[in-house]
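Engineer: Sequence and predicted structure are below.
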Amino acid sequence: MLESSPRAEGFQPKLAKKAEGTVKIIKGDNGDVIDCVDVYKQPGFKHPLSKNYPIQMQPSSQKFGEHTNDPSKSKLEQEWRKNADCPSGSIPIKRPIITGHATLRKNTSFANLEYSTAGHQYSVIDFSYGSPSIQGGAATISIWDPSLANYYGDFSLSQLWVVAGFGSSTNTLEAGWQVYPGRTGDSLPRLFIYWTADGYGTTGCYDLTCPGFIQTNQYFVIGGALPNSVYGGWRNELDIQIVKDLRSGNWWLYIGRIPIGYWPLYLFSGKSLGTSGADRISWGGEIYDSSGSNGFHTLTQMGSGHFAEEGFLRACYVRNLLYVDGFQKAYAPKQYQLVASAPASRCYNYRFQQDSRGELYFYHGGPGCSSYNSHTMARSFADI
């Protein structure tokens, strides 16, 4: 067990107070408490500009894939819904856990992955378009539960980034799964979203914890626990799409084909994501190492905790790699159009592989750096 024990640290996480506007409370069997909040009293409507923009309850366009509002069509089950659903006119918000630890903002060096610093390490691929005209991206990511060297200090994730700009002008829309006990109070893989309009400076946040993302779907809770895959066996996947609405300019999040909500256009006023679009899409994994070694001497795992060459049944992957053009047509980039980066490649690496149907998989992850000497390549992609 790599994770330091929360009990040993003498701290017991506690539940926050119920959200403002709660009309119903649902308790999940896994301990999650879900507040069903009046859709107009969610945190997103505390933004000063929100009063000038009416809520958009449904996307007006998504040409490359039909969407549905039927939760039974989703392959992704959320455990809390076994007990009840939120009533119409409300949205589910997971009650936060107070861990006593500050939530780390995402990485300001993201645009310069070749020189990853500040404890973050990556195994990612980038697709650049040359101009800020990308209107969205998609990913299907296998879900795992990597171990962390520092239970409350580290995190590990796999995600999709929709990005424009560089440095302090970086604006991003992000979604994926993350293991981050310092934020959530446990080591379960959980659905997360993130955004920033100023290079991870003062704007943006995780999930619905600040005035930003506006949720419209009453069946999916952002921050909810996800079913992880089984090493050598069953794979569970998270299917994500982030697409700009042609009429409103809002950026919609889809889980599978189900619209969850949107990042309003006004969050990126004067920025590329607000005026035109993204200039690149990224896919892959990230870890944060709180030990001070910049991720080069840590046992915090990325992905499944196994190297990419172990393949389909054992390594974390991203497939369904898509970008969306200005006509909302989706395209799969060719492998030669993708730039891969893994600065600590002896700790977390990557591999490309096509399956029998020709679909490109990006495998990524690893066990951390101190395990490199025992790294073997005994298994291959023959399993795919």
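Structural biologist: Received, thanks.

Engineer: Quick check, pLDDT for Phe64.
Structural biologist: Note for Phe64: predicted pLDDT of 59.

Engineer: same thing with Cys369?
Structural biologist: Per-residue confidence (pLDDT) for Cys369: 86.

Engineer: just checking, it touches Cys347?
Structural biologist: Yes. Applying Cβ atoms under 8 Å as the test, Cys369 and Cys347 come out as touching, 3.8 Å apart. Backbone N, C-alpha and C define where each C-beta goes, glycine included.

Engineer: So, low pLDDT: which residues of this structure?
Structural biologist: 1-11, 62-75, 107-117, 294-295, 371-384 (pLDDT under 70).

Engineer: before we move on, the earlier item: looking at Cys369 and Cys347, which one has more neighbours?
Structural biologist: More neighbours surround Cys347 than the other of Cys369 and Cys347, with 29 against 20 (other Cβ atoms under 10 Å).

Engineer: you'd agree that one is up against His364?
Structural biologist: No. With contact defined as Cβ under 8 Å, Cys347 and His364 do not form a contacting pair (11.7 Å).

Engineer: Pro327: how many residues sit nearby?
Structural biologist: Not quite, residue 327 is Phe, not Pro. Under the neighbour criterion other Cβ under 10 Å, Phe327 is assigned a count of 9.

Engineer: swap that for Pro259, please
Structural biologist: Neighbours of Pro259 (other Cβ under 10 Å): 25.

Engineer: Which helix or which strand is home to it?
Structural biologist: strand 258-263 (DSSP states H and E).

Engineer: just Glu174 next, same as before
Structural biologist: Assigned by DSSP H and E, Glu174 falls within strand 171-179.

Engineer: Look at Ile193 and tell me its secondary structure.
Structural biologist: Secondary structure, DSSP: H, G, I helix; E, B strand; the rest coil: Ile193 is strand.

Engineer: Quick one: residues contacting the residue nearest the centre of the chain.
Structural biologist: With distances taken as Cα atoms, centre = their mean, the residue of the chain nearest its centroid is Gly176 (2.1 Å). With contact set as Cβ atoms under 8 Å, 6 or more residues apart in numbering, Gly176 has these partners: Ala139, Ile141, Leu157, Ser158, Gln159, Leu160, Leu191, Phe192, Leu238, Ile240.

Engineer: what's the spacing between the first one and Gln159?
Structural biologist: Distance from Ala139 to Gln159, counting by Cβ to Cβ, to the nearest Å: 8 Å.
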